[in-house]
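Novice: pasting the sequence and the predicted model now:
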Amino acid sequence: MKADYILVYKNDNVVVALKDLSKGETIIVHGREIVLKTDAPFGHKVAIEPIAQGENVVKYGYPIGHAKEEIAVGEWVHTHNTKTNLSGTLEYAYAPIESVQIPVPKVERTFSGYVRDNGDVGIRNEVWIINTVGCINKTCEIVAKMANEQFKDRGIDGVYHYPHLFGCSQLGDDLLNTQKILSNLVHHPNAGAVLVLGLGCENNYVSQFKQVIGDYDEDRVKFLIVQEVGDEISESLEVLDQLVNYASKFKKQPIPVSKLKVGLKCGGSDAFSGITANPLVGAFSDILISHGGTSVLTEVPEMFGAETILMERAKDEDTFTKTVQLINDFKDYYIKHDQVVYENPSPGNKAGGITTLEEKSLGCVQKGGFSTVVDVLAYGDRLKTPGLNLLEGPGNDLIAVTALAAAGAHIVLFTTGRGTPFGGPIPTVKMSTNTQLYEKKRNWIDFNAGELLSGRQMDDVANELFEYVVQLASAEVLTHNEKNGFKEISIFKDGVIL
């Protein structure tokens, strides 16, 4: 018989409904019959103990807020009667715990990928068009479309461009952020070759942009300023012809899984995100790290309320200090803009059953598994240390996935309880938290973590996910965002637009 609810942790005082529950229905928890005093939608919480006004509501074994009023046994628990415990910035003490030791696999796993001339590893052999400024988005779109028609069957996986809004009328950190993200995309090893197109009068002028890019292979990266040529379309295609020839020389070869870098992200969450998909991604992350690979977790605001779980796993006090700075700097960003630091989750998250930011965060950080936090990166930084990394970035899906790609991730695992069609410039694996979403949106969802609600064991599904990612890295399977051509970027903005 299928259960009507799930008790996430033995000491929780709420359960999560696995179907729409109606007032008057009876559920049995800890051997006790509980009669529902209110309706409770699928994915939402029901009190299984009396919760006094001011007392904590507990899920995942942690407080997710407190009762605004007395909550009776059998009553729906949500925003109408629950409030966050969080407020303002905090001070933290270094209190490390011993991380779980994942056994090192006896056999080295490989995938089929591309080794670039500088030794970097890519999982796709694409040609990318990176525009320095948003003014020429459409020019790049036309060039990419014509190039894909002209250069098909030339030994590459396609020509892609990534429209964005910025590169001009920006000052200070905003301009630098744009340059860093675009520069990192220029360096990304999934691109066998890159054409950088500039307009000619933008703040992110090509000569200045080159300084941010630093060293590059002149055969792999070429530049064109469209104001300086007569027909920018034909000139771009001529340069792309050379770049396609260069990229086509790379052939697949076996590469250790230890070279894989995977970004971890959630969006459009529901109450099962922290029960199915996010813990599954965490289990995958631990497996990848046991093979010597790299994972990276972002969405700093969705660490608020669960940040100490990450801090206590920092590899040393310096990493702990950088994690504290990561958290408090983002809180200061909220405060600078007169926004509430611990604002409630989005309307979609609330509709899915998430009540407070603590509840969202306690589910979110589970994507990091149990491994040691080895490094903390600023926005626009690139990965350099194998293991679990933290990356500065907001919760916004497009900005966060772009930041993960710019950091050097080959793939993003994107968990969702609500669904989304978008994808970043790298393969973006949409993982459903529940089977209903997987069956409804088969043209969006790549992997169903909802099977964990039907009795499948975490270890089995985690190993299945690991095998899927190895196949994906080898291009034996493609994500829906790749098949549908949904490859987008977005860049963080904080300051003035001139």
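Specialist: Thanks, I have the structure now. Bear in mind that the values here come from a model prediction, so they are computed numbers and not experimental data.
Novice: okay, how far is it across stretch 111-119, tip to tip?
Specialist: Terminal residues of stretch 111-119 lie 16 Å apart, using C-alpha to C-alpha, to the nearest Å.
Novice: no, scratch that, I was asking about stretch 85-93
Specialist: 19 Å.
Novice: which parts of it are buried?
Specialist: Judged by neighbour count using 16 or more other C-beta atoms under 10 Å, the buried positions of stretch 85-93 are Leu86. Heads up, the C-betas are built off the backbone N, CA and C, glycines and all.
Novice: equivalent analysis for stretch 484-492, please.
Specialist: Of the residues in stretch 484-492, those buried by neighbour count under the rule 16+ other C-beta under 10 Å are 486-492.
Novice: how does the protein divide into domains?
Specialist: Structural domains annotated on the chain: 5-83, 126-249, 256-484, as defined by automatic domain parsing.
Novice: closest one to Thr89 among those domains?
Specialist: Using C-beta to C-beta as the measure, domain 256-484 is the one of those that comes nearest Thr89, at 4.8 Å.
Novice: any chance of JSON lines for the domains of the chain, columns distance to Ala95 and mean pLDDT?
Specialist: Written out in JSON lines, the entries for these read as follows (distance: least, C-beta to C-beta, whole Å; pLDDT from 0 to 100):
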{"stretch": "domain 5-83", "distance to Ala95": "16", "mean pLDDT": "94"}
{"stretch": "domain 126-249", "distance to Ala95": "33", "mean pLDDT": "97"}
{"stretch": "domain 256-484", "distance to Ala95": "6", "mean pLDDT": "94"}
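Novice: what pairs with the longest strand seen in the chain, and is each one parallel or antiparallel?
Specialist: Among the segments of the chain that qualify as a strand by DSSP state E, the longest is strand 191-198. According to DSSP bridges, strand 191-198 forms sheet pairs with strand 126-131 (parallel), strand 221-225 (parallel).
Novice: and those as TSV, adding distance to Asn434?
Specialist: Listed next are the strands paired with strand 191-198 as TSV, based on distance: least, C-beta to C-beta, whole Å:
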stretch	distance to Asn434
strand 126-131	33
strand 221-225	43
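Novice: closest to His410 out of those?
Specialist: Evaluated over the strands paired with strand 191-198, closeness to His410 peaks at strand 126-131, with 12.0 Å, by C-beta to C-beta.
Novice: so how far is that closest one off the chain centroid?
Specialist: 22 Å (C-alpha atoms, centre = their mean, to the nearest Å).
Novice: same deal with stretch 117-137?
Specialist: Here stretch 117-137 is found 20 Å from its chain centre; the criterion is C-alpha atoms, centre = their mean.
Novice: next one: stretch 134-147
Specialist: The answer for stretch 134-147 is 27 Å, by C-alpha atoms, centre = their mean.
Novice: which residues are in contact with that stretch?
Specialist: Taking C-beta atoms under 8 Å, 6 or more residues apart in numbering as the criterion, the residues outside stretch 134-147 that touch it are 127, 129, 131, 159-161, 163-168, 197-199, 202, 226, 232-233, 236-237, 240, 244.
Novice: if I've got this straight, Ala462 is in a helix?
Specialist: Yes. Counting by DSSP: H, G, I helix; E, B strand; the rest coil, Ala462 is found in a helix.
Novice: got a list of what it touches?
Specialist: Residues near Ala462 by C-beta under 8 Å, 6+ apart: 280, 283-284, 287.
Novice: the helix or strand harbouring Gln436: which residues count as buried?
Specialist: When elements are assigned from DSSP states H and E, Gln436 belongs to helix 435-440. Residues 435, 437-438 are the ones in helix 435-440 that count as buried (16+ other C-beta under 10 Å).
Novice: what's the closest of these to Pro105?
Specialist: Proximity to Pro105 was ranked across the buried residues of helix 435-440 by C-beta to C-beta; first place goes to Tyr438, at 29.0 Å.
Novice: ok, that closest one touching Asn448?
Specialist: Yes. Because the distance of 3.9 Å satisfies C-beta atoms under 8 Å, Tyr438 is recorded as touching Asn448.
Novice: between the two, what contacts are shared?
Specialist: Ser432.
Novice: can you give me the helices for the protein?
Specialist: Along the chain, counting by DSSP state H, helices occupy 137-150, 172-187, 206-213, 232-247, 277-290, 307-311, 317-336, 347-351, 357-364, 397-407, 435-440, 458-473, 480-484.
Novice: of all the ones you listed, which lies closest to Val221?
Specialist: Nearest to Val221 among the helices of the chain is helix 172-187 (6.0 Å), distances taken as C-beta to C-beta.
Novice: which residues touch stretch 30-48?
Specialist: Taking C-beta under 8 Å, 6+ apart as the criterion, the residues outside stretch 30-48 that touch it are 5, 7, 12-29, 57, 59, 71-78, 270-272, 352-353, 355, 417, 434.
Novice: hang on, the earlier thing: pick the most deeply packed of the domains of the chain.
Specialist: For the domains of the chain, the largest average neighbour count (mean count of other C-beta atoms under 10 Å) is found in domain 256-484, namely a mean of 22.
Novice: in JSON lines, list the helices of the chain along with distance to Val496.
Specialist: JSON lines is the format used below for the helices of the chain (distance: least, C-beta to C-beta, whole Å):
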{"stretch": "helix 137-150", "distance to Val496": "22"}
{"stretch": "helix 172-187", "distance to Val496": "8"}
{"stretch": "helix 206-213", "distance to Val496": "19"}
{"stretch": "helix 232-247", "distance to Val496": "30"}
{"stretch": "helix 277-290", "distance to Val496": "37"}
{"stretch": "helix 307-311", "distance to Val496": "30"}
{"stretch": "helix 317-336", "distance to Val496": "14"}
{"stretch": "helix 347-351", "distance to Val496": "29"}
{"stretch": "helix 357-364", "distance to Val496": "29"}
{"stretch": "helix 397-407", "distance to Val496": "18"}
{"stretch": "helix 435-440", "distance to Val496": "40"}
{"stretch": "helix 458-473", "distance to Val496": "41"}
{"stretch": "helix 480-484", "distance to Val496": "33"}
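Novice: those: which one's closest to Val104?
Specialist: From those, taking C-beta to C-beta, the stretch that ends up closest is helix 277-290, at 5.9 Å.
Novice: list of residues touching the closest one?
Specialist: In this structure, residues lying in contact with helix 277-290 by C-beta under 8 Å, 6+ apart are 100, 102-105, 257, 260, 262, 264, 266, 294-295, 363-364, 366-371, 386-388, 413, 415-417, 431-433, 449, 452, 458-459, 461-463, 465-466, 469.
Novice: hmm, try it at 7 Å
Specialist: Helix 277-290 is contacted from outside by 102-105, 260, 262, 264, 266, 295, 363-364, 366-371, 387-388, 413, 415, 431-433, 449, 452, 458, 461-462, 465-466, using C-beta atoms under 7 Å, 6 or more residues apart in numbering.
Novice: hmm, back to that, now, among the buried residues of stretch 484-492, which is nearest to Gly408?
Specialist: Gly408 lies nearest to Ile489 out of the buried residues of stretch 484-492, by C-beta to C-beta, at 14.7 Å.
Novice: which residues touch Tyr205?
Specialist: With contact taken as C-beta under 7 Å, 6+ apart, Tyr205 is in contact with Gly198.
Novice: let's see that with 10 Å instead.
Specialist: When the contact criterion is C-beta atoms under 10 Å, 6 or more residues apart in numbering, the partners of Tyr205 are 132-133, 167-168, 198-199, 225.
Novice: could you export these as JSON lines, including distance to Lys180?
Specialist: What follows is the contacts of Tyr205, written out as JSON lines (distance: C-beta to C-beta, whole Å):
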{"residue": "Thr132", "distance to Lys180": "13"}
{"residue": "Val133", "distance to Lys180": "15"}
{"residue": "Gly167", "distance to Lys180": "12"}
{"residue": "Cys168", "distance to Lys180": "16"}
{"residue": "Gly198", "distance to Lys180": "17"}
{"residue": "Leu199", "distance to Lys180": "19"}
{"residue": "Ile225", "distance to Lys180": "21"}
